[in-house]
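Enquirer: Here is my input, please return the structure:
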Amino acid sequence: MERSKYLIFFLMILIVFPSLGEINRYMVFFKDKNDNAFNINNPEQFLSKRALDRRANQNIKISINDLPVSDVYVNSLNSLDDLDVYFSTKWMNGVLVEMDEGKIEEINALPYVANVVLVAHGSKLGSIQNGSRKYKEAKSDFESFDGVETKGQNEFIGVDDMHSSGYHGEDMLIAIFDSGFGYINESSFFTHVFEQNKLLSSKDFIRGSDNVFQYDVHGSKVLSCISGFKEGVYSGTAPEANIVLCVTEDIQSEFSIEEYNWLFAAEFADSIGVDVINSSVGYSYFDDDRMNYTYEDLDGRTTVIAKAANIVASKGILVVCSNGNEGNNSWQYLNSPADADSILAVGAATFDLDRANFSSFGPTSDGRIKPDISALGSWVKIALQEEITYANGTSFSAPMVAGLAAGLWQAFPELTSQEVIQYLKMTSSQSDAPDTLLGYGIPNFRRAYNRIKVTEGEVSNKYVVFPNPVDNRRIISFYVDTLADDKRANINFYDLKGSYIMGETLTVKSELDPIEIDVSFLKPGSYILTYKNGQLEKKLKLVVL
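Expert: Numbers count the residues shown, from 1 in each chain. A predicted model of the protein is given here:
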């Protein structure tokens, strides 16, 4: 009996003090960057040429937060018993460590330490799992970027037009942050990625390994929306882009360490010169309630991951993230980092142009419109292993927009990342009346492309039809320099003999907004097009290829 009492007493101690002697993961933040081996006057020591070129192209200066953390401080921590240092953050000036919780007081007492924050219970980073990168052999010299299975979702945002115009993401570098990329190294939908050496780098921030082909297939589905390709069958939005794969989301638990994993990945992506980041992850509540965020925290500047997203955006990277799938539950609102103000948060729409019922609502807690824009997120065709199947979620509308943004930026490399975002928003379907369901609406490559052409002065903002000659897409856009009070415009088509072919009446919203007409009814040849708006009458020759 006495023995049973002692056993019960011992078990009670374990229940009351469950973390006694537990190895946890902590962020240790430093007070400064003194004793640094690097200097911001020599950024080539810690940033790649591609990263420096991105900054130079957008007039972004190297700042003190670009400087790596002090090696002296890191080495000092590493010299301590029962403590291991793993990843560092230069932007927030700290390191991720695994250590016994009993060392917190000792670490806080160090003269260079600002504070210590618990970010995850238990240890994980010590068990590295590496893996091979085998892939199937197949030809990858593309004849066409038309994919029957993805035709509808690509046309939804004008990606078919983007591809026919010659933009498939060539020379763009896209990073994907997710929970794992299982089987892509064995799938014929990604053969071209390996054969053409488009996977430039990969990193697992969960265990510190270089094997990202594990844990989960969510990232594989997301990646298929960008990079997946099979001739005549399937095409992601930017299949020719180079990619970087980062595992930041731990599917086995939900702690704030995942925000820091995202931060580490963002700094890694920045340092190697990434142009676009797609992030189909988001946070508001965790397994430890003390880490939870409230709706009031979603103001774009409070959560760790929103701060990280805004910093990486300030370095000239275009960040695209999913708005969240909370629309059907009690939370309803967006997740972070969708609340960050310098990124593109993407909601989910249906083919009927309505908000998908699961897509998270905005606005942010400080009243800003979110999502920024929306794309198809319901019944999206994704490639998984050797099959094409369906998936729902803002996780899939976001990467389609990431590929769209990459192609648009490819077309206009002189733009800044923030200008690309603004052009996408201002030319989306409800830009004149944005709401907290679809944001500024559904983006479209041709509308954004044409607006840039006009605004940047490549097409004079007079009465003009663009393109002319019109290509096989057979979509023409009108721009006019004056508008009558009556914004209705009469458009008529004639052959060169003056015989009437067809006409219609359209509405012109503003001088900068194009009138778009499908002229696929015209056979190849030359035609006369007339335009009348109020007293303004114009006539020009239109060539159809």
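Enquirer: In three-state terms, label Phe190 for me.
Expert: Judged by DSSP: H, G, I helix; E, B strand; the rest coil, the three-state class of Phe190 is helix.
Enquirer: Check Met162 too.
Expert: helix.
Enquirer: Test my guess that it contacts Leu408.
Expert: Yes: taking contacts as Cβ atoms under 8 Å, Met162 lies within contact range of Leu408: 7.4 Å. Using the backbone N, CA and C atoms, a C-beta is placed for each residue, glycine as well.
Enquirer: ok, those two, which is more surrounded?
Expert: Met162 (28 against 22; other Cβ atoms under 10 Å).
Enquirer: what do Met162 and Leu408 both touch?
Expert: 445, 449 (Cβ atoms under 8 Å, 6 or more residues apart in numbering).
Enquirer: any idea where the helices of this structure begin and end?
Expert: Counting by DSSP state H, the chain has helices at residues 2-16, 49-57, 71-78, 104-108, 151-156, 159-164, 191-195, 218-227, 257-272, 304-314, 394-411, 417-426, 445-455.
Enquirer: Out of those helices, which gets nearest to Glu296?
Expert: Closest to Glu296 of the helices of the chain is helix 304-314 (Cβ to Cβ; 13.0 Å).
Enquirer: Show me what that closest one is packed up against.
Expert: Contacts defined by 3 or more Cβ pairs under 8 Å, 6 or more residues apart in numbering; DSSP states H and E place helix 304-314 against helix 257-272, strand 318-322.
Enquirer: closest one to Gly158 among these?
Expert: strand 318-322 (16.1 Å).
Enquirer: Stretch 363-381: which residues count as buried?
Expert: Within stretch 363-381, the residues that qualify as buried are 363-365, 368-378, 380-381, counting by 16 or more other Cβ atoms under 10 Å.
Enquirer: Outline the domain layout of the chain.
Expert: Domain ranges of the chain: 2-50+58-120, 151-454, 464-544, per automatic domain parsing.
Enquirer: Need the mean per-residue confidence for the first one.
Expert: Spelled out, that is domain 2-50+58-120. In this model, domain 2-50+58-120 has a mean pLDDT of 86.
Enquirer: which of the residues in stretch 297-314 are buried?
Expert: 297-300, 302-314.
Enquirer: Can you show me the CA trace of that stretch as CSV?
Expert: The C-alpha trace of stretch 297-314 is given here as CSV (Å, rounded to 0.1, in the frame of the first residue of the first chain):
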residue,chain,number,x,y,z
ASP,A,297,-3.6,41.6,-33.3
LEU,A,298,-4.3,41.3,-37.1
ASP,A,299,-3.3,44.9,-37.8
GLY,A,300,-0.4,44.1,-40.0
ARG,A,301,2.3,45.1,-37.5
THR,A,302,1.8,42.9,-34.4
THR,A,303,2.3,39.2,-35.2
VAL,A,304,5.8,37.9,-35.7
ILE,A,305,5.0,36.7,-39.2
ALA,A,306,3.4,39.9,-40.4
LYS,A,307,6.4,41.8,-39.2
ALA,A,308,8.6,39.4,-41.1
ALA,A,309,6.4,39.7,-44.3
ASN,A,310,6.6,43.5,-44.2
ILE,A,311,10.4,43.4,-43.8
VAL,A,312,10.9,40.9,-46.7
ALA,A,313,8.6,43.1,-48.8
SER,A,314,10.7,46.1,-48.0
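Enquirer: Show me what it is in contact with.
Expert: The contact list for stretch 297-314 (Cβ under 8 Å, 6+ apart) reads 60, 65, 91-92, 256, 259-260, 262-263, 266-267, 269-270, 277, 279, 283-284, 293, 319, 321, 333-337, 339-343, 364-366, 368, 417-418.
Enquirer: again, 7 Å this time
Expert: Stretch 297-314 has contacts (Cβ atoms under 7 Å, 6 or more residues apart in numbering) with 91, 256, 259-260, 262-263, 266, 270, 277, 283, 293, 319, 333-334, 336-337, 339-343, 364-366, 368, 417.
Enquirer: List the neighbours of stretch 83-95 that are in contact with it.
Expert: Defining contact as Cβ under 7 Å, 6+ apart, one finds that stretch 83-95 is touched by 27-30, 33, 65-69, 74, 77-78, 96-99, 103, 125-126, 205, 208, 263-264, 267, 311.
Enquirer: The same query, at a cut-off of 8 Å, please.
Expert: Contact with stretch 83-95 is made by 27-30, 32-33, 65-69, 74, 77-78, 96-100, 103, 107, 114, 125-126, 205, 208, 260, 263-264, 267, 307-308, 311, as judged by Cβ under 8 Å, 6+ apart.
Enquirer: Which pLDDT value goes with Ser510?
Expert: Per-residue pLDDT puts Ser510 at 64.
Enquirer: quick one on the thing from earlier: ranking the domains of the chain by mean neighbour count, which comes first?
Expert: Ranked by average neighbour count under the criterion mean count of other Cβ atoms under 10 Å, these are headed by domain 151-454 at a mean of 22.
Enquirer: Distance from the chain centre to it, please.
Expert: From the chain centre to the centre of domain 151-454 is a distance of 3 Å (Cα atoms, centre = their mean, to the nearest Å).
Enquirer: Just the endpoints, please. Distance across it?
Expert: End-to-end distance for domain 151-454, by Cα to Cα, to the nearest Å: 28 Å.
Enquirer: re the thing from before, inside strands: which ones of the buried residues of stretch 363-381?
Expert: Secondary structure from DSSP state E places 373-376, 380-381 of the buried residues of stretch 363-381 in strands.
Enquirer: out of those, which one sits closest to Thr237?
Expert: Nearest to Thr237 out of those is Ala375 (Cβ to Cβ; 9.3 Å).
Enquirer: Report pLDDT for the nearest residue to that closest one once chain neighbours are set aside.
Expert: Distance criterion Cβ to Cβ, 6 or more residues apart in numbering; nearest residue to Ala375, sequence neighbours excluded, is Ser397 at 4.0 Å. pLDDT for Ser397: 98.
Enquirer: My understanding was that Ser397 contacts Trp379; is that so?
Expert: No: taking contacts as Cβ under 8 Å, Ser397 lies outside contact range of Trp379: 11.4 Å.
Enquirer: returning to what we had before: dump the ones in strands among the buried residues of stretch 363-381 into JSON lines; add distance to Lys523 and pLDDT as well.
Expert: Converted to JSON lines, these look like this (distance: Cβ to Cβ, whole Å; pLDDT from 0 to 100):
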{"residue": "Ile373", "distance to Lys523": "36", "pLDDT": "98"}
{"residue": "Ser374", "distance to Lys523": "37", "pLDDT": "98"}
{"residue": "Ala375", "distance to Lys523": "34", "pLDDT": "98"}
{"residue": "Leu376", "distance to Lys523": "32", "pLDDT": "97"}
{"residue": "Val380", "distance to Lys523": "36", "pLDDT": "96"}
{"residue": "Lys381", "distance to Lys523": "33", "pLDDT": "96"}
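Enquirer: Throw the residues you listed into TSV and include distance to Phe445, thanks.
Expert: Output for these, formatted as TSV (distance: Cβ to Cβ, whole Å):
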residue	distance to Phe445
Ile373	13
Ser374	15
Ala375	12
Leu376	14
Val380	18
Lys381	19
